[in-house]
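In: structure for the following, please:
(chains A, B and C)
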Amino acid sequence: MPELPEVETIRIGLSEHIIGQSIKHVDVLWPKTLNVEHVNDSVIGHAIRDIRRRAKVLIIDLDNGFSMLYHLKMTGQMVLVQAAGNRLAGGHPSPSMAANLPDKSTRVVFEFDSGDQLFFNDQRKFGWIQVVPTAKIDQHSLVRRLGPEPLTVDFTLEGFEAVIKRHPKAPIKAVILDQSTVSGIGNIYADESLHLSKIHPATRSGDLKPIQIKRLYEAIKTIIAAGIARGGTSFAHYVTALGGKGDYLDQARVFNQTGKPCPACGTPIEKIRVAGRGTHICPHCQKAPK
DNA sequence: CACTTGACCTGTCCGC
DNA sequence: TGCGGACAGGTCAAGT
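Out: Sure, this is the predicted structure:
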């Protein structure tokens, strides 16, 4: 499930190859993923001017004042196949990177003048692509609700404390998964951040001491930066935009490490349920709230 | 209003 | 082997 570091990795990988390319044709294989009318009106025949990211949303700016917003949700992938047939960029879960595309998970195919093809694959069909005027991205229903990103200056300790005070009864994990608190964190990085700061995910936000809030604030920044530095995770549906697996999960602290020793104390990691989500904790380092 | 649960989907895994 | 059901988890709508 791509979170901020994964989307950032995809952004960097795609930028190297498709900025400047002109879109010749678009095949929409699953209409709920992308509105075909918008494609015909605003996408066909236009070149890619820039590729940006806001939290988990990938933004592809075109040369006509329109942009495409991509949300990969849990199983979305973007795979670039070069005209020569060499898959240089993208992401595909198949053990063999030579698997032919499109496959049954392919929802949209973008074809460039060069012959390069960009496949939007999404097994569970939750992901979407929307075409909006570039100047109105900030007004988009999802984008407008996004809080500060972990690594930008507008994510302040004071602001984080204020949000936490506003949700005293909610488990802290639910608060940091809320994209209006801090944007770009998903289930993996939430568990990792809480473990690094030694806070039990079910702790009610109002019960956190100031020192714990500060530790969590710092841990979020550390964990997200580490994720980006390592090129995202290698979780089930994710492969980096350069075709290799990200390797963050190879050294994940707790996520998907059930039964394995806690990196801090050796106690076996447990899997529990918090805020309706599978949640991984060290029962020794992260004491359950009373 | 604060907070929780279900829906959206498909594929995989587990127990019987 | 087949089958039902739980589970995976981002976001929004609906429920408590």
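In: for the closest residue to DNA strand B within the stretch 1-150 of chain A, which non-adjacent residue is spatially closest?
Out: Relative to DNA strand B, the nearest point of the stretch 1-150 of chain A is A:Arg124 (3.4 Å; C-beta to the nearest atom of the strand). Glycine gets a C-beta too; all of them are placed from N, C-alpha and C. Counting by C-beta to C-beta, 6 or more residues apart in numbering, A:Thr75 is the residue found nearest to A:Arg124 once chain neighbours are left out, at 4.7 Å.
In: and for the one you found, the neighbour number?
Out: Applying other C-beta atoms under 10 Å, we find 19 residues neighbouring A:Thr75.
In: I'd say it and A:Asp122 touch.
Out: Yes. Counting by C-beta atoms under 8 Å, A:Thr75 touches A:Asp122, with 5.5 Å between them.
In: mutual contacts of these two, please.
Out: A:Ser105 (C-beta atoms under 8 Å, 6 or more residues apart in numbering).
In: picking that back up, phi first, then psi, for the residue nearest to A:Arg124.
Out: phi -120, psi 10 (degrees, to the nearest 10).
In: kindly report the same for A:Ala229.
Out: Torsion angles, degrees, to the nearest 10, at A:Ala229: phi -60, psi -30.
In: would you mind measuring from it to DNA strand B?
Out: 29 Å (C-beta to the nearest atom of the strand, to the nearest Å).
In: with adjacent residues omitted, what lies nearest to the residue in the stretch 101-250 of chain A that DNA strand C sits nearest to?
Out: Going by C-beta to the nearest atom of the strand, DNA strand C is nearest to A:Gly186 of the stretch 101-250 of chain A, at 2.7 Å. Spatial nearest neighbour of A:Gly186, excluding adjacent residues (C-beta to C-beta, 6+ apart): A:Glu3 at 3.8 Å.
In: wait, that neighbour sits on A:Val182?
Out: No. Distance between A:Glu3 and A:Val182: 11.7 Å, which falls outside the contact criterion (C-beta under 8 Å).
In: contact residues of chain A facing DNA strand B?
Out: Residues of chain A found near DNA strand B (C-beta under 7 Å from any atom of the strand) are A:32, A:104-105, A:123-126, A:166-171, A:174, A:205, A:275-276.
In: mind redoing it with 10 Å?
Out: Neighbours of DNA strand B within chain A, by C-beta under 10 Å from any atom of the strand: A:30, A:32, A:73-75, A:93-94, A:103-105, A:122-126, A:163-171, A:173-175, A:177-178, A:202, A:204-206, A:236-237, A:273-277.
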